[in-house]
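Student: the following comprises the amino acid sequence and a computationally predicted model.
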Amino acid sequence: MVRSRAGSAWHLSMRFAAVAALGASAALVAASPASAAPADITAGSLTWGFKASFRAYVNTGNGNPPIAASNGATINSNGTFTFPSKGGTHDSATGAASAQYGGAVTFSYPGHFFTIKLANPTVVVDGGATSLKADVDLTTTAAEPVSVTQATVATLTGTPGGSGTVTGSNLAAVLTTEGASAFNGFYAAGDSLDPVSFTFSTSGDGGNDGGGEEPAGPAVSVSPATGVDPAGATITVEGSGFDPVGNNGFGVYAAFGPKVDNHWLNSAVLKPVKWVSRTNQPTEARDRLNADGTFRTTLPIVAVYTDGNGDTVDCTKVQCYVVTFAAHGSPDRSQDTFTPVTFATPGGGDPDPGNPGGGDTDQQITATVKGGPLTLGVAGSTVALPAVSNGEVASGALNEATVSDLRGTNAGWSLVGQVSDFSSTGGGTIAADNLGWVPSAAAVQDPLAGTSGVVTPGAPANPGAGLGGARALCTSATGASNGTFTCGAQLNLGVPASAAAGDYSATLTLTLS
């Protein structure tokens, strides 16, 4: 019987070659030199989102769930993750540190053949350079699995500071070569990642580097607090008496919505939520908490909104408040305040006297499409051709390959195949060119009503002039390559009259580029 083993050693050259190499790295970064008198880290946390576009891409997939946090890590309302302190050391004299954090985040996309687990991040400060390490486990049907302990996934720009509690706020992060490989080649080394924020304190710090007196109790005023336009308004929130260095310097959240049980862990019902911290620069989602415990910020609110759980909240039917509470799920309730806000009651009559039936309004909808990866999957790893006699042709079907071009660039791609010589256990050989094929290809209809790209099957190759050299299985030209496509082929192995009887095998390699 003649057998062809097609696909058992296929590889995706642009994406998985580097991933396989990563598994051989036993120690990616040397340990920082020991400091003279390091202190044990006893508290802190790290907040990071890896990359917002990657989270958005994974969240469109069929993972159950697409992104999950475990072992103490939590997912924040903005989609980033917070990892709790698990110890480490800090030398205050040199600034050297190895701050360890616990927990894991898993990115799962079965439809695109991968699961990636990021766990136990560590911030390393050594000689003024700051980097981020983590355990990374990659499971994929497209390559061998990878499991790396404490790979350096990013370099951070900026040096953390603080005389007691050490804080690094929104440090710019850049993907390393190890990180690019561990994350499946979705992004290249040197690409920008989400900024990293962290804090840690050593035994005796108490999480307070300010010294002096305890801050006064927190108080909040809101303007306007009554008669607010139910269609929407921006209110001003002023706070005083808050602790800028407590809660590891993380500050507080200022939010709007009804009172709920465990609001510090159930903030999805609140909208909007703004983070106020002593290290923040003002943005739409953040503001600064002054050293004297005061802040002034704004919140855009409406009377009726859809919360993060997908439920409707109507603040004309339930009492809503401006709520403050210690940030990042802290159990500290000393920063909690509830300041009531009421909305104006709509008057009688039509909203538009000239249009008794009501009126028309327009809303501009905007969206950002950030693109994803170029991936290859194969339905199987073995093809068994039927037994034939010398001088005959054995035919069978190549396992179907699926190409997904989600980059959003329409840059084009090609999928080529090449086979090794066939050999038998008895020492027989059949030349690789004796395997020919007749390719086929089709575009998969976009379930979201998009326009499918165009795919072209490669040219047929006859036995004797076949796959000893690389030949196209299917291609998609620049300008029409976005989408998902299937590519297959009828395989035809011509068995020479001179071939010795026996069981033959060869390896067919598919390469996407």
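Tutor: Good, I have the coordinates.

Student: for Leu193, give me its contacts.
Tutor: By Cβ atoms under 8 Å, 6 or more residues apart in numbering, Leu193 lies in contact with 50-51, 154, 173-175. In this view, the C-beta of every residue, glycine as well, is placed from N, C-alpha and C.

Student: likewise for Ser414?
Tutor: Neighbour list for Ser414: 472, 474-476, 512-513 [criterion: Cβ under 8 Å, 6+ apart].

Student: now do Arg296
Tutor: 236-239, 287.

Student: which SSE is immediately downstream of the worst-scoring helix or strand of the chain on mean pLDDT?
Tutor: Lowest by mean pLDDT, DSSP states H and E among the helices and strands of the chain is helix 17-22, with a mean of 27. On the C-terminal side of helix 17-22, the nearest following helix or strand under DSSP states H and E is strand 39-48.

Student: got the contact list for the helix or strand just after that following strand?
Tutor: Per DSSP H and E, the first helix or strand lying C-terminal to strand 39-48 is helix 52-59. Applying Cβ under 8 Å, 6+ apart, the external contacts of helix 52-59 come out as 49, 66-67, 79, 107-109, 183, 186-187, 194, 370-373, 406.

Student: run the last query once more with 10 Å
Tutor: Under the criterion Cβ atoms under 10 Å, 6 or more residues apart in numbering, residues 49-51, 65-67, 75, 78-81, 105-109, 112, 114, 116, 183-184, 186-187, 191, 193-194, 368-373, 406 lie in contact with helix 52-59.

Student: quick check: what element follows that helix along the chain?
Tutor: Downstream of helix 52-59, the next assigned helix or strand under DSSP H and E is strand 67-70.

Student: after that next one, next one along is what?
Tutor: Next helix or strand after strand 67-70 toward the C-terminus (DSSP H and E): strand 74-75.

Student: report all helices and strands that that following strand contacts.
Tutor: strand 67-70, strand 81-90 (3 or more Cβ pairs under 10 Å, 6 or more residues apart in numbering; DSSP states H and E).

Student: the last one pairs with which strands?
Tutor: So that's strand 81-90. Paired strands of strand 81-90, with direction, are strand 39-48 (antiparallel), strand 74-75 (antiparallel), strand 97-101 (antiparallel) (DSSP bridges).

Student: would you mark the buried spots in that strand?
Tutor: Of all the residues in strand 81-90, those buried under the rule 16 or more other Cβ atoms under 10 Å are 81-86, 88-90.

Student: low-scoring stretches of the stretch 51-200 of the chain, by residue?
Tutor: Residue ranges of the stretch 51-200 of the chain with pLDDT under 70: 142-144, 159, 162-164, 184.

Student: show me where it has helices.
Tutor: With helices called from DSSP state H, counting those that start in this stretch, the stretch 51-200 of the chain shows them at 52-59, 177-182.

Student: tell me the most buried of these?
Tutor: helix 177-182 (a mean of 24; mean count of other Cβ atoms under 10 Å).

Student: surely Gly190 and Ala173 touch.
Tutor: No - Gly190 lies out of contact with Ala173 (Cβ atoms under 10 Å); the separation is 11.4 Å.

Student: intersection of neighbour lists for the two?
Tutor: Common contacts of Gly190 and Ala173, defined by Cβ under 10 Å, 6+ apart, comprise Thr155.

Student: who has more neighbours, these two?
Tutor: Under the criterion of other Cβ atoms under 10 Å, the comparison of Gly190 against Ala173 puts Ala173 first, with 26 against 11.

Student: out of the contacts of Leu193, who's nearest Phe198?
Tutor: Distances from Phe198 to the contacts of Leu193, taken as Cβ to Cβ, are shortest for Ala173 (11.3 Å).

Student: does the closest one touch Thr152 like I think?
Tutor: No - contact criterion Cβ under 10 Å: Ala173 and Thr152 do not qualify, at 11.5 Å.

Student: spell out which residues are contacts of both of these two.
Tutor: Shared contacts of Ala173 and Thr152 (Cβ under 10 Å, 6+ apart): 131-132, 179.

Student: ok, now which ones touch the closest residue in space to Ser277 that isn't next to it in sequence?
Tutor: Spatial nearest neighbour of Ser277, excluding adjacent residues (Cβ to Cβ, 6 or more residues apart in numbering): Gly251 at 3.2 Å. Neighbour list for Gly251: 242-245, 275-280, 286-289, 295, 324, 326-328, 330, 335 [criterion: Cβ under 10 Å, 6+ apart].

Student: please narrow the residues you listed to those residing in strands.
Tutor: Using DSSP state E, the subset of the contacts of Gly251 located in strands is 275-277, 286-288, 295, 324, 326.

Student: from the residues you listed, pick the one nearest Thr316.
Tutor: Of the ones in strands among the contacts of Gly251, the one sitting nearest to Thr316 (Cβ to Cβ) turns out to be Thr324, at 22.9 Å.

Student: isn't the closest one right up against Ser221?
Tutor: No - Thr324 is beyond contact range of Ser221, at 11.7 Å (criterion: Cβ under 10 Å).

Student: shared neighbours of the two, anything?
Tutor: 237, 239, 339.

Student: just give me the neighbour total for Thr511.
Tutor: Residues contacting Thr511 under the criterion other Cβ under 10 Å number 18.

Student: tell me the SS of it?
Tutor: strand (DSSP: H, G, I helix; E, B strand; the rest coil).

Student: where along the stretch 251-400 of the chain do the strands fall?
Tutor: Secondary structure of the stretch 251-400 of the chain, counting by DSSP state E, counting those that start in this stretch: strands at 252-258, 273-277, 286-288, 295-301, 304-306, 312-314, 320-326, 337-341, 374-378, 393-397.

Student: got TSV for those, with mean pLDDT and distance to Pro230 too?
Tutor: As requested, the strands of the stretch 251-400 of the chain are exported to TSV (pLDDT from 0 to 100; distance: least, Cβ to Cβ, whole Å):
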stretch	mean pLDDT	distance to Pro230
strand 252-258	94	13
strand 273-277	93	20
strand 286-288	93	25
strand 295-301	94	10
strand 304-306	94	7
strand 312-314	94	10
strand 320-326	93	11
strand 337-341	91	11
strand 374-378	89	47
strand 393-397	94	63
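
Student: separation between the closest residue to Ala134 other than its chain neighbours and Cys474?
Tutor: Closest residue to Ala134 apart from its sequence neighbours, by Cβ to Cβ, 6+ apart: Pro121 at 4.6 Å. Pro121 is 41 Å from Cys474, where distance means Cβ to Cβ, to the nearest Å.

Student: Ala291 now?
Tutor: Applying Cβ to Cβ to Ala291 and Cys474 gives a distance of 63 Å.

Student: who's more crowded, those two?
Tutor: A count of neighbours by other Cβ under 10 Å puts Cys474 above the other of Ala291 and Cys474, at 25 against 10.

Student: phi, psi of the more buried one?
Tutor: Phi and psi for Cys474, reported as degrees, to the nearest 10, are phi -160, psi 150.

Student: so what sits opposite it in the bridge?
Tutor: According to DSSP bridges, beta-bridge pairing links Cys474 with Leu415, Pro457.

Student: isn't it up against Trp413?
Tutor: Yes - counting by Cβ under 10 Å, Cys474 touches Trp413, with 9.1 Å between them.
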